[in-house]
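the following block contains a protein sequence and its predicted model.
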Amino acid sequence: MSEKPSFLFRYVLPPYACFLLLGHMVLMMVRPEYPLGDPGVPWHFKWGQVLLETMSIPGQDFFSHTMYGAEWINYQWLFQAIIGVTQWIGGIPFTTAVLMTVYAFLPVLLLQRMLREGANAIIALLLACLAWFILTMHSLDRPHVFTYLFFSILVERLYRMFEGETDLKKSWWLIPMLTLWTNLHGGFSVGLFTIGVVFLTAGCRYGCNRNAANLAIVKNLFFTGFCCGLASLINPYGIGLHLHVLSFLELKVLANWQEFASPDFYTPSGNIRGFEFLILGLCIVFFLKGKFPSRMHVLDLVLCLTFLHFALQSGRHIILFTLVATPVIARGLSGLLKSRESWFIVRRGFELTQEQLQMRGGRIYFPLIVAGYLALSLTSSAFFQDHFYDIHLSRKTAELIREQPEKFQRPFNTDNIGGALIYYFGPDIKVFADDRADFYWQEFISEKYFKVRFGLEGWDDVLAEYDVDSLILPVDNALQAALLLSPEWKKVHEDDVNVVYFKAADETDHFSQEQDFQ
């Protein structure tokens, strides 16, 4: 802008970032069931209640009849404690509002970072919207929302350290952030890993260009990693937590869960299409790097390729790649447009960048939007769902369990139903399994659970081994083909979501008792 902006412009008009924040909240209100859709969400909510009631971190599990009393490293205890408090304040709706507020700030942080790095405002806004669209694929009430938030903050700070703009003294808050992160979610490991990658990249640069400035950066990154590593040891399990996370990541059975499987490029969802556009944008930026001026360096290539590798291995890592690659693409494309500033739309985009950086209206609008969103969740509003029914466990199936709890003392259930069973009926009714792969581990999942879930040879032996008295399955579960041919099991209930089986002998006895009573 050629003249000094007015007070009205700087403090009253809302910046673009406010609309990104509001947009995510509106989307979650239009689809109130979506944040609750992951099978693990209900048991997190249940453990939150347990932690709040007991004011302790139980070291053993009491929600499963197959692993009852087994040691469980609950590395997400702080997240569960937080949602225990938010449930006490406003139940499931308020908890969803708090977590979705955290998630809504991810595209906001991306946009603000791109603008600070001098990206064309139009390019930055379009890329922020694309990133937000991809981010919605994992917009769930789970502890990973804090991993994505802290990862985004950490990556920007590491870039500034790599460029010598800041050091550990000015970024001391990274140390308590790692402690907080470690107790919220196992994703803290990706934070330590990223620090290590940036340190090694800086070390290689120093090896190629030995000067005092590069050496100072290497030392600064080393001490950052060392201090953050020590900070991560401040948790209830010490170094055992780190070993546990490493063991978990080595489980081969994880590939059977969709979020750990490679992205499906044959029948891609809209989010995967967005991921493909990011990859294309990254290719364009690096291919044309030498043809236009841009502030890009080797760290862009290293981090983008590293997290692209992880994203191609596991769908859940697409979010991390998005958070890393989006600012790189924005800087690269903006550098390309520098040579086209004679075009009005390009020139206006760079003017908007400066205007957005001068605006302070976010200090007013961000708190107002968040306060309004949280307040709305405390009302009896249809914009927020207050139950987990009919996602994986139907209301009708839950009613059947309440009417005949004695029939479900040792049920078999699939892992996607386990969380809802724990939330509504645990620990009185204990589950066969849920989606805690790091609790049940490889042998039980592959040799016991999968045999029954997929109807493989020996499934009936597993049910006999654990003295299973009922089966609660998704309506399209593969085991039903075998159950229909088995004289030992009888279908007693079916709806649009679930099907329930009892042992045939028990069901006959139950029917006879009803006839005698009549």
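That came through, no problem.

which secondary structure state is assigned to Y449?
The three-state label given to Y449 by DSSP: H, G, I helix; E, B strand; the rest coil is helix.

next one: it, what pLDDT does it get?
Y449 carries a pLDDT value of 95.

and it, what does it touch?
415, 432-433, 440 (Cβ atoms under 8 Å, 6 or more residues apart in numbering). C-beta coordinates here come from the backbone N, C-alpha and C atoms, glycine included.

also I329?
By Cβ under 8 Å, 6+ apart, the contact set of I329 is 127, 278, 281-282, 285.

which residue packs closest to it, ignoring adjacent ones?
Spatially, and ignoring its direct neighbours in sequence, I329 is nearest to G281 (4.3 Å; Cβ to Cβ, 6 or more residues apart in numbering).

okay, and that neighbour sits in which element?
Assessed by DSSP states H and E, G281 sits inside helix 270-287.

pick out the most distant pair among the contacts of Y449.
F432 and Y440 (9.8 Å; Cβ to Cβ).

next, the spatially closest residue to A420 that is not a sequence neighbour: phi, psi?
Excluding its sequence neighbours, the residue lying closest to A420 (Cβ to Cβ, 6+ apart) is L393, at 3.7 Å. Per-residue torsions, L393: phi -120, psi 120 (degrees, to the nearest 10).

cool, and R436?
Backbone geometry at R436, expressed as degrees, to the nearest 10, gives phi -80, psi 80.

what do you get for N256?
phi -80, psi -10.

what of N413?
Backbone torsions of N413, given as degrees, to the nearest 10, read phi -140, psi 150.

wait, doesn't it sit right on L421?
Yes. Between N413 and L421 there is a contact at 6.0 Å, judged by Cβ atoms under 8 Å.

what do these two both touch?
With contacts defined as Cβ under 8 Å, 6+ apart, the residues adjacent to both N413 and L421 are 431, 472.

around S380, count how many other residues there are.
7 (other Cβ atoms under 10 Å).

who has more neighbours, F432 and Y440?
Using other Cβ under 10 Å as the criterion, F432 and Y440 rank with F432 on top: 29 against 24.

now the more buried one: phi and psi?
Torsion angles, degrees, to the nearest 10, at F432: phi -80, psi -40.

over to the one 3 residues further on?
As for D435, its main-chain torsions (degrees, to the nearest 10) stand at phi -90, psi 20.

can you read off the pLDDT for the residue nearest the centre of the chain?
The centroid of the chain falls nearest to H144 when counting by Cα atoms, centre = their mean (3.5 Å). Looking at H144, its pLDDT is 95.

Y501 too?
96.

now do the one 3 residues further on
The pLDDT attached to A504 in the predicted structure is 83.

and if you look at K289?
For K289, the predicted pLDDT is 67.

likewise for F7?
At F7, the model reports a pLDDT of 69.

just the one 10 residues further on next, same as before
We note a pLDDT of 93 for A17 in this prediction.

correct me, but it touches Q112?
Yes. A17 is within contact range of Q112, at 6.0 Å (criterion: Cβ under 8 Å).

these two - which one has more neighbours?
Taking other Cβ under 10 Å, A17 and Q112 do not tie; A17 has more neighbours (24 against 21).

got the contacts of I329 as a markdown table, with pLDDT columns?
Below are the contacts of I329 laid out as a markdown table (pLDDT from 0 to 100):
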| residue | pLDDT |
| --- | --- |
| L127 | 96 |
| L278 | 95 |
| G281 | 92 |
| L282 | 92 |
| V285 | 88 |
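
and those residues, which is closest to D495?
Set against D495, the nearest of the contacts of I329 by Cβ to Cβ is L278 (40.2 Å).

tally of neighbours for the residue lying closest to H24 once chain neighbours are set aside?
Leaving out its chain neighbours, the residue that sits closest to H24 by Cβ to Cβ, 6+ apart is A104, at 3.8 Å. With neighbours defined by other Cβ under 10 Å, the count for A104 comes to 25.

please tell me how far A104 sits from L323.
Between A104 and L323 the distance is 14 Å, computed by Cβ to Cβ, to the nearest Å.

point out where the stretch 1-150 of the chain drops to low pLDDT.
The stretch 1-150 of the chain contains residues with pLDDT under 70 at 1-5, 7.

so where do the helices sit in it?
7-11, 16-30, 41-54, 77-116, 121-135, 144-162 (DSSP state H, counting those that start in this stretch).

can you list those helices in CSV and add distance to Y237?
Formatted as CSV, the helices of the stretch 1-150 of the chain follow (distance: least, Cβ to Cβ, whole Å):
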stretch, distance to Y237
helix 7-11, 47
helix 16-30, 33
helix 41-54, 16
helix 77-116, 10
helix 121-135, 30
helix 144-162, 18
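
out of those helices, flag the one nearest L200.
Using Cβ to Cβ, those put helix 144-162 closest to L200, at 11.3 Å.

just the buried positions in that closest one, please.
144-159, 161-162 (16 or more other Cβ atoms under 10 Å).

ok so, going back, quick one: the residue nearest to the centre of the chain and Q480, what's the gap?
From H144 across to Q480, the span is 33 Å (Cβ to Cβ).

for the record, mean pLDDT for the helix or strand where I329 lies?
Mapping I329 onto the secondary structure by DSSP H and E places it in helix 318-338. Here helix 318-338 scores 92 as its mean pLDDT.

ok, then the element right after that helix?
Taking DSSP H and E, what comes next after helix 318-338 is helix 344-358.

tell me the mean pLDDT over that next one?
pLDDT averaged over helix 344-358 gives 89.

brilliant, that's me finished.
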